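Peer 1: let me see the structure of the following:
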Amino acid sequence: MAHRDNDKLESRIDRFLHERLAPAITATSAPLQAAAWTAPGEPVDFATATGSGNTFAPVLPGTAWGPAWATTWFRVCGHAPARRPPAEAGRYRFELSLDLGFNGAKPGFQCEGLVRDEHGHVIKGLEPRNHQVPLQCEPGSAFTVWVEGAANPDLTGGNDFGSPNAFAPTPFGDPLTVPAVPLYRLGDFLAVEVDTEVESLFLEATVLFGLLRELPPGTPRRQLLLGGLQDAINAMDPGNVAAGAVEARKILAPLLAAPAEHSAHRIFATGHAHIDSAWLWPTRETVRKCARTFSNVLDLMDRDPELTFTCSSAQQFAWMKQYHPGIFARIAERVAEGRFVPVGNMWVESDVNMPSGESLVRQFQQGARFFDTEFGAISDVGWLPDSFGYSAALPQLLRKSGLRWFFTQKMCWNETNSMPHHSFLWEGLDGSRIFTHFPPTNTYSGDMRPTELARSVRNFKDHGDASMSLMPFGYGDGGGGPTREMMQLGRLQENLEGSPRVRFSSAHDFFAEAEQDYRNPPIWSGEMYLEFHRGIYTSQARTKSGNRRNERLLVEAEYWAAVACIRHGLAFPYERFDRLWQQVLLLQFHDILPGSAIAWVHREAEATHAAVSEELDQVITQSLAAIAGEGREEFVFNASPATADGVPSRSGAPAAVRKQQLLARGPEGNFILRNGLVELTVTPEGHISSLIDLGTGRDVIPRGRLANMLQLHRDTPNQWDAWDIDLSYRDTVVEVFDGSAEPGSDGKEILVRREFGNSTVQQRIGLSGTEPAVRIQTSVDWHEKQKLLKLAFPLDVHAGFSSSETQFGHVQRPVHNNTSWEHAKYEFCAHRWLHVGEPDFGVAVASDAVYGYDVERDIHDGRVSTTVRQSLLRAPTFPDPEADQGHHDFLTTITVAPGIGDAIRAGYAANTHRRPVRGSRGASALVSVDNPAIVAETVTLASDRSGDLVVRLYESQGRRAKAALAVSADIAGVTEVDLLDRPASGGGVVLSAEGSVIRVELRPFEVASLRFKLTSTEESQ
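Peer 2: You can find the predicted model right below:
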């Protein structure tokens, strides 16, 4: 057509699709009768809700319902439409459309519902873009369904965090503060007939129009699509679209039949629904979100044989087994068919920066065991699409947990540097490599629109070497998962000119082909540091301290229980440990441990951690009572793999004589403490002005500088308050100089008190009785808002890099900022210790609770020094406006540590609880290692209840090491196993075995698990 105005034509097509074609999909509709009852308090089950004692009041469209977090049950009644003439019967589909009052915001962040039949059997969920309910009933017959409506508040600002007030403080994250007002107004409850011809036409036109908008202007394909769509809408009467639908589809058919180019990129599409195990909702709501989404998936599978659904998190499957056994049974059937596919083998999609190495092992153990027990198989695909960065230890742990491949997408959130590849080999600390893929569509919640497919092609960085990518699709976080529309959109683009090819697939099939397709992939070595969300190492400090405490207690309790079982016949509490581990593992979810969830979640997390700690202390007390026997002699038991206060590792012995600590007053009112190893000087204001290593005479603190300096920063990130620390925090700092110090009552400590703003800080500063170390116990009564509290230690070392403990090893990061990659790491994670040093001298900063650190190089009076700062507390106001308010305790130690081995011991010392016990005997170590470079991190009994002893070792210093491992028990045999306690393939760490002594050799940072068959283990259960 001459002089065609393409822009106007596109606008005309767009308007016709949405104003004429979409409404015509519904051929007929009839209102349904509905009545409602709101449950008092927490949700109730079907039998309780539908019981005779509850009064259901009639409701109409527009009726207000749902105070935040309330549950309203709706009884919905109606009649199916009459039977249509045979010639029309195949064209129309009967279903219900139940609108709970959905708005245009993203699914998963507003009200939701679960539909049951009159017998209580689950049919499917209701979500904003999936609120249709198919019913099988005779034409004209009556029906009743029940809807469990969840009035979940939208905490995203109503626009998926895109509105100006998206991160404003909100009372809706806590049932104790929510306003008692309805949040929603009912939409229409309708019985409808869908015109499947119009429905198909709408989807076909949508695909072609979406493709048109992705093609360059003036290209032949684009012009053909524009002309074809124009002809199709011209074939329909706007007043009677349905009558022209068949003819319009014929016009579009040749455009849909044109095949994709031979070299077109290939997209493997897998159904998915990323459901956060807690975030802007509590875990009780996650159970219901899973039920709604999983029932949708199962319903869609019944109707569409091409759907394959990828699902992680054994915890969520376990919830279905516990709370919705009917849904779980249907899931199991689809798992057996290979269509509902468990992946990841983790208990939850945890954070993988802060959990300990043993915690990550147990994530894989608990997840894999559940999948194997319930479904008879485990996955080979690692799956962590949304965690906030990825530890350099992870490749080895993935591979040794039976996983061949790894999937994530979070690295596309980097704010400074872009990752250079989408498919590559990721190399970990120990040299382990795993084939890894990022989806170039930059989401794990795709919807199969042409714009998403085109974005995948544009973004993919490995064209020419690789030809395929993975695309998870489906609405997550309770949004309902994949929809029938997504499936149809995918089919229409399977082989379409101008589009990448699309194939419905499992993640396993994608990785198997992608690995073969990319014959020489590039390598990314080391951690994948997320250049975003750096505040997660500090937010919600009580949740973090509870995690660190229970990680320690779980390993300690298992060790003493194993000793008590093997030596004294006390039953090993397998089920109890499983339950406690699972509780802690759930709280390591990537929005709980990072501190980015609502107040409700963190209040429950703190309570759970406290209860777990109390129960573990009971287990330890019972075990030690059996080990020590009856008596009045006092022993000290040390479960750590390092000597503590003179008590050998993993032993119980009489308390050692501690080095005498002397407190004196120096010039200018300073306090001086000595323990024979170091001399500490504290100013009258409570700062450390000197720490002299008496062995070398070297002062750890630079001349003229003050350590133990509290620094208060303004902390107002641009977005994502609980998640982010923006570099702009350094623009404002107040150093808390004022304070008062005085001797403690025992004459061995210095007591310091400070006040600033609305907060107070008290510190107890003393020296270790056995090590060249300062111990600082900091108690903070914190009542600031949008502030960051750091504790600074300038150190007189010229360090080129810092070494931070991570899982089963440590990672080195440059102190300088030569490149944008280094500059972006201005806040990072360390576990129990951080070390900076020179070749023959160094300092370790250790903590029992802190994860967030920064390290900078300074020049003061012409002398180079290195400053280490711990991030103690934040006070973000979203999503929890009262985050971190109240009391907090932190232990910090500063240790003269010439080498990494010294730092490791300092880390254990700061995180070891020495236990005094009265009895008649101590205990020798059940397991000992004669080389400190090889650490026996975990000693426990095998999870299969066999009574076998499992010892998990790792090389800690980054060098090849040999050691003799001695087991104080009668051994019938030893086997190297993987992290799932199965015989390891390609092992070889065991050099020889002579009696109870095993000689091993480990490569740098290698993790090895040895399984010992004992000749005489008491019967346990």
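Peer 1: which strands and helices lie in contact with the helix or strand where residue 284 lies?
Peer 2: Assessed by DSSP states H and E, residue 284 sits inside helix 283-303. If you count contacts as 3 or more C-beta pairs under 8 Å, 6 or more residues apart in numbering; DSSP states H and E, helix 283-303 packs onto strand 112-116, strand 122-126, strand 142-150, strand 309-311, helix 314-323, helix 325-337, strand 340-342, helix 484-492. (C-beta placed from N, C-alpha, C; glycine too.)
Peer 1: pick the most deeply packed of those.
Peer 2: Most buried of these by mean neighbour count (mean count of other C-beta atoms under 10 Å) is strand 309-311; its value is a mean of 27.
Peer 1: what helices or strands is it leaning on?
Peer 2: With contacts taken as 3+ C-beta pairs under 8 Å, 6+ apart, strand 309-311 sits against strand 266-272, helix 283-303, strand 340-342.
Peer 1: can I get these in CSV including distance to residue 900 and mean pLDDT?
Peer 2: Putting those into CSV (distance: least, C-beta to C-beta, whole Å; pLDDT from 0 to 100) gives the following:
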stretch, distance to residue 900, mean pLDDT
strand 266-272, 41, 98
helix 283-303, 39, 98
strand 340-342, 39, 98
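Peer 1: would you turn the ones you listed into TSV with distance to residue 696?
Peer 2: Output for those, formatted as TSV (distance: least, C-beta to C-beta, whole Å):
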stretch	distance to residue 696
strand 266-272	58
helix 283-303	53
strand 340-342	56
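Peer 1: of all those, which one is nearest residue 48?
Peer 2: Closest of the helices and strands packed on strand 309-311 to residue 48 is helix 283-303, at 15.0 Å (criterion: C-beta to C-beta).
Peer 1: and that closest one, which residues are buried?
Peer 2: Buried residues in helix 283-303, counted by 16 or more other C-beta atoms under 10 Å: 283, 285-301.
Peer 1: residue 759 pairs with what?
Peer 2: As for beta bridges, residue 759 partners with residue 756 under DSSP bridges.
Peer 1: need the contact list for the spatially most central residue of the chain.
Peer 2: Against the mean C-alpha coordinate of the chain, by C-alpha atoms, centre = their mean, the closest residue is residue 590 at 2.2 Å. Residue 590 makes contact with 276, 349-351, 384, 386-388, according to C-beta atoms under 8 Å, 6 or more residues apart in numbering.
Peer 1: try 10 Å
Peer 2: Applying C-beta atoms under 10 Å, 6 or more residues apart in numbering to residue 590 gives the contacts 276-279, 348-354, 384-389, 410, 533, 536, 596-597.
Peer 1: ok, now residue 286?
Peer 2: 275-279, 313, 315-316, 319, 477-478, 586, 589, 601.
Peer 1: so can I have CSV of those residues showing pLDDT and secondary structure?
Peer 2: Output for the contacts of residue 286, formatted as CSV (pLDDT from 0 to 100; DSSP: H, G, I helix; E, B strand; the rest coil):
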residue, pLDDT, secondary structure
275, 97, coil
276, 98, coil
277, 98, coil
278, 98, coil
279, 97, coil
313, 98, coil
315, 98, helix
316, 98, helix
319, 98, helix
477, 93, coil
478, 91, coil
586, 98, helix
589, 98, strand
601, 98, helix
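Peer 1: so which of those residues is the most crowded?
Peer 2: Among the contacts of residue 286, the one with the most neighbours (other C-beta atoms under 10 Å) is residue 601, at 30 neighbours.
Peer 1: isn't it right up against residue 594?
Peer 2: No - if you go by C-beta atoms under 10 Å, residue 601 and residue 594 don't touch, sitting 11.3 Å apart.
Peer 1: spell out which residues are contacts of both of the two.
Peer 2: 540, 543.
Peer 1: the helices and strands packed on strand 309-311: which one's closest to residue 10?
Peer 2: strand 266-272 (25.3 Å).
Peer 1: now that closest one, how far from the centre of its chain.
Peer 2: 23 Å (C-alpha atoms, centre = their mean, to the nearest Å).
Peer 1: likewise stretch 637-646?
Peer 2: Worked out by C-alpha atoms, centre = their mean, stretch 637-646 lies 32 Å from the chain centre.
Peer 1: quick one: the strands in the stretch 551-700 of the chain?
Peer 2: 633-638, 651-653, 662-665, 671-674, 678-682, 688-693, 698-699 (DSSP state E, counting those that start in this stretch).
Peer 1: understood, closing this out.
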